[in-house]
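Enquirer: Sequence and computational prediction follow.
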Amino acid sequence: MANRENSLGQPVSPSAQKYIKRSTHYHSLLTSMRDREAEIHLGGGQKRIDREHSRGKLTARERIASLLDDPDSFFELGLFAGDGMYEEEGGCPAAGTVMGLGKVCGRLCLIVANDATVKAGAWFPITAKKNLRAQEIALENHVPLIYLVDSAGVYLPMQDEIFPDKEHFGRIFRNNAILSSKGIPQIAAIMGSCVAGGAYLPIMSDEALIVDGTGSVFLAGPFLVKAAVGEEVDNETLGGATTHTEISGVTDYKMPDDETCLRTIRELVSHLGERPQSGFSRSAPAAPEFHASEIYGLMPEHGALPYDMQDVLARIIDAESWTEYKAGYGQTLLTGYARIDGWSVGIVANQRLMVKAQMGKKAHSNELQAGGVIYSDSADKAARFIMNCNQKRIPLVFFQDVSGFMVGSRAEHGGIIKDGAKMVNAVANSVVPKFTVVVGNSYGAGNYAMCGRAYDPRLMLAWPTARIAVMGGAQAAKTLVQIQVSKLKRQGKAPSEEEQAELLQTITDRYDAQTSPYYAAARLWVDAIIDPVDTRQWLSLGLEMANHNPEVPSFNPGVIQT
């Protein structure tokens, strides 16, 4: 019998009509997600995959599968990067790069592999952003980084969007140097083209391998050499495996084929020494009290409908591990200590139920507080809880389904801006690892206070029900229509009711498309769109990853007004 003091959530009735309706809807979202994933997995298409094979090369995904201890335990990041962003250029599936976390000889590694089936592995602006995200994860968590290089370099028609700025292509090599200075292992394999500035990436790594016959690395290819200095030279002589392992000494290992190269990388990783860890608390894992698949029947079909976040958490955290902080206060936010797969965490989650406000100077007991809205008391509670977790070195997990902060004269007179600022301050200055899961709405300043991308979560994950925007679609569309109608009236062109309705529908459709989790994932606002059933596994992996970094600075919350 469960100890209810340390439990949360309630059992469900799978035969209930509401449960069946919600579950059916969620399964349709998952089917759509998996269809999109399958299409992206093909990269540039089957013909280009066949062409790589005809050259004796494995594809990026095949290389990663051969490298890992268990190909089925690859946690891919940025799968939807670039999705729908470069249609005029022929598309850029997965940003032309496969990236993710997996075990190599028992060691958790971050792997980045250029996909040569997508524009010969050329770098689009989103490709640079994705590679920078990989290096950011490695830097934050001190996990080894493995590059499988096969790229034609910068996509020249878009060079102005990728070359000169702070977060552009050159930042990659700066990060190579920073990673090296921190002793974070980097291993690079040149398994195809490696041209121009891109040549620095593998050579600035700790060790570089090159595959004979297919791998080449040079600052300028034969055509550019001919144009620049008048010399005629072929790829192999200029920068092939023999040249760089026997003449220049630029690379360290000459490999006969992809398979041997990948086995050698595994051997190199197996020799890595043990490193100090952070020492975050982990006990023996316990399964959740209820099965995770029941989440499908709990999540409503529309973001405005209520549900009990406690029921959702009960299907993710270890059974009987919940200790709620300030349970009776600020109830539109749930805060509490728990364990996820044995790892100790502090949880901050939006509660979607309507709750009764508590007595106090900023709330009245006869009022109901709307679910998903952050009130002054909720923000104050969360700020204090976040500071406690930092003092105790407990990682934080945020579950977002937030409409924003409360608005209106009473909220403003009660100091909602100050209380919201306290919460944002605590999140911003937090030094323990943070993880964010967007399960539903992520609107406005609520996105910030609940540790959105701008607040450096180690991983930011989204469910297919996620919606990310400055405000909800209905409110935004009506606001934009009002602005547009006022503008037309000033011009003496007052629209009819039918025209206003058409304008509202056009704006709503555009806004809905921009709030989609796929739109967010395409731009790397989130790292991955995941099946809710896999949430626990992803968070456990993230906590294991974060534990690799022993450097946890002292917590200084700055100026937080009481």
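Expert: That came through, no problem.
Enquirer: Now M255: closest residue in space that isn't a chain neighbour?
Expert: C261 (3.8 Å; Cβ to Cβ, 6 or more residues apart in numbering). Quick note: C-beta positions are derived from backbone N, CA and C, even for glycine.
Enquirer: That neighbour sits in which helix or strand?
Expert: helix 258-270 (DSSP states H and E).
Enquirer: what about that helix, distance to the chain center?
Expert: Relative to its chain's centre, helix 258-270 lies at 28 Å (Cα atoms, centre = their mean, to the nearest Å).
Enquirer: ok, then the element right after it?
Expert: Following helix 258-270 toward the C-terminus (DSSP H and E): helix 295-298.
Enquirer: Would you mind checking the average pLDDT for that next one?
Expert: Averaged over helix 295-298, pLDDT sits at 98.
Enquirer: in that helix, what's buried?
Expert: I295, Y296, G297, L298 (16 or more other Cβ atoms under 10 Å).
Enquirer: ok, the residue nearest to M255 - contacts?
Expert: A189, M191, L209, V211, Y253, M255 (Cβ atoms under 8 Å, 6 or more residues apart in numbering).
Enquirer: Now do the buried residues in the helix holding C261.
Expert: So, applying 16+ other Cβ under 10 Å, buried residues of helix 258-270: D258, C261, L262, T264, I265, R266, L268, V269.
Enquirer: closest to I316 among those residues?
Expert: Within the buried residues of helix 258-270, proximity to I316 (Cβ to Cβ) peaks at V269, which comes in at 31.3 Å.
Enquirer: any idea how far Q369 is from that closest one?
Expert: 52 Å (Cβ to Cβ, to the nearest Å).
Enquirer: SS state for V348?
Expert: strand (DSSP: H, G, I helix; E, B strand; the rest coil).
Enquirer: was I right about it contacting R384?
Expert: No: taking contacts as Cβ atoms under 8 Å, V348 lies outside contact range of R384: 11.2 Å.
Enquirer: Among the two, which residue is more densely surrounded?
Expert: Between V348 and R384, V348 has the larger neighbour count (other Cβ atoms under 10 Å), namely 28 against 17.
Enquirer: so what's the closest residue to the more buried one other than its chain neighbours up against?
Expert: Nearest residue to V348 in three dimensions, chain neighbours excluded: F398, at 5.0 Å (Cβ to Cβ, 6+ apart). Residues in contact with F398 (Cβ under 8 Å, 6+ apart) are I347, V348, A349, K434, F435, T436, V437, M450, C451, P457.
Enquirer: What is the nearest of those to K478?
Expert: M450 (24.6 Å).
Enquirer: Need the residues touching each of V348 and R384.
Expert: Joint contacts of V348 and R384 (Cβ under 8 Å, 6+ apart) do not exist.
Enquirer: quick revisit: would you list the contacts of F398 in TSV and tack on distance to A501 and pLDDT?
Expert: Rendered in TSV, the data for these read as follows (distance: Cβ to Cβ, whole Å; pLDDT from 0 to 100):
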residue	distance to A501	pLDDT
I347	43	98
V348	40	98
A349	38	98
K434	43	98
F435	42	98
T436	37	98
V437	37	98
M450	34	98
C451	38	98
P457	40	98
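Enquirer: Just those: which are in strands?
Expert: Among those, the members found in strands (DSSP state E) are I347, V348, A349, K434, F435, T436, V437.
Enquirer: Closest one of these to A520?
Expert: Comparing every one of the ones in strands among the contacts of F398 with A520 (Cβ to Cβ), the shortest separation belongs to T436, at 12.1 Å.
Enquirer: Without its sequence neighbours, what residue ends up closest to the closest one?
Expert: P457 (4.1 Å).
Enquirer: Can you give me the distance of the one you found to V432?
Expert: 11 Å.
Enquirer: got any ranges where this protein has weak pLDDT?
Expert: 1-5, 197, 358-368, 473, 560-562 (pLDDT under 70).
Enquirer: how about the closest residue to Y307 other than its chain neighbours, what does it touch?
Expert: The spatially closest residue to Y307, leaving aside those adjacent along the chain, is R352, at 5.1 Å (Cβ to Cβ, 6+ apart). By Cβ under 8 Å, 6+ apart, the contact set of R352 is P306, Y307, D308, M309, G371, G372, D401, G440.
Enquirer: Now distance to V533 too, for those, in TSV please.
Expert: Shown next, in TSV, are the contacts of R352 (distance: Cβ to Cβ, whole Å):
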residue	distance to V533
P306	22
Y307	17
D308	19
M309	17
G371	24
G372	23
D401	18
G440	17
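Enquirer: Quick check: PyMOL command selecting the buried ones in those residues.
Expert: Only the buried entries of the contacts of R352 go into this PyMOL selection, using 16+ other Cβ under 10 Å:
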select buried, resi 307+308+309+371+372+401+440
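Enquirer: ok, of the contacts of R352, which one's closest to G239?
Expert: Taking those together and measuring to G239 by Cβ to Cβ, the closest member is G440, at 51.2 Å.
Enquirer: what's the spacing between the closest one and L67?
Expert: 36 Å.
Enquirer: For T237, see how far away the residue nearest to R107 when sequence neighbours are not counted is.
Expert: Closest residue to R107 apart from its sequence neighbours, by Cβ to Cβ, 6+ apart: V269 at 5.5 Å. Separation of V269 from T237 (Cβ to Cβ) stands at 32 Å.
Enquirer: Show me which pair in the buried residues of helix 258-270 is furthest apart.
Expert: D258 and V269 (16.7 Å).
Enquirer: tell me, how many neighbours does G279 end up with?
Expert: Applying other Cβ under 10 Å, I find that G279 has 10 neighbouring residues.
Enquirer: That one reaches N549, doesn't it?
Expert: No: under the criterion of Cβ under 8 Å, G279 is not in contact with N549, lying 10.8 Å apart.
Enquirer: ok, and what's touching the lengthiest helix in the chain?
Expert: Ordering each helix of the chain by length in residues (DSSP state H) puts helix 17-41 first. Here helix 17-41 makes contact (Cβ under 8 Å, 6+ apart) with 12-14, 61, 79-80, 83, 93-94, 295-301, 464-465, 518, 529, 531-532.
Enquirer: And for stretch 281-297?
Expert: Outside stretch 281-297, the residues touching it (Cβ under 8 Å, 6+ apart) are 2, 7, 9, 11-12, 14, 16, 18-20, 22-23, 26-27, 311-312, 314-321, 339, 341-344, 394, 532-533, 535-536, 540, 543.
Enquirer: that older thread, same list (the contacts of R352) but as a markdown table, adding secondary structure and distance to E52.
Expert: What follows is the contacts of R352, written out as a markdown table (DSSP: H, G, I helix; E, B strand; the rest coil; distance: Cβ to Cβ, whole Å):
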| residue | secondary structure | distance to E52 |
| --- | --- | --- |
| P306 | coil | 51 |
| Y307 | coil | 47 |
| D308 | coil | 50 |
| M309 | helix | 46 |
| G371 | coil | 51 |
| G372 | coil | 47 |
| D401 | strand | 43 |
| G440 | strand | 41 |
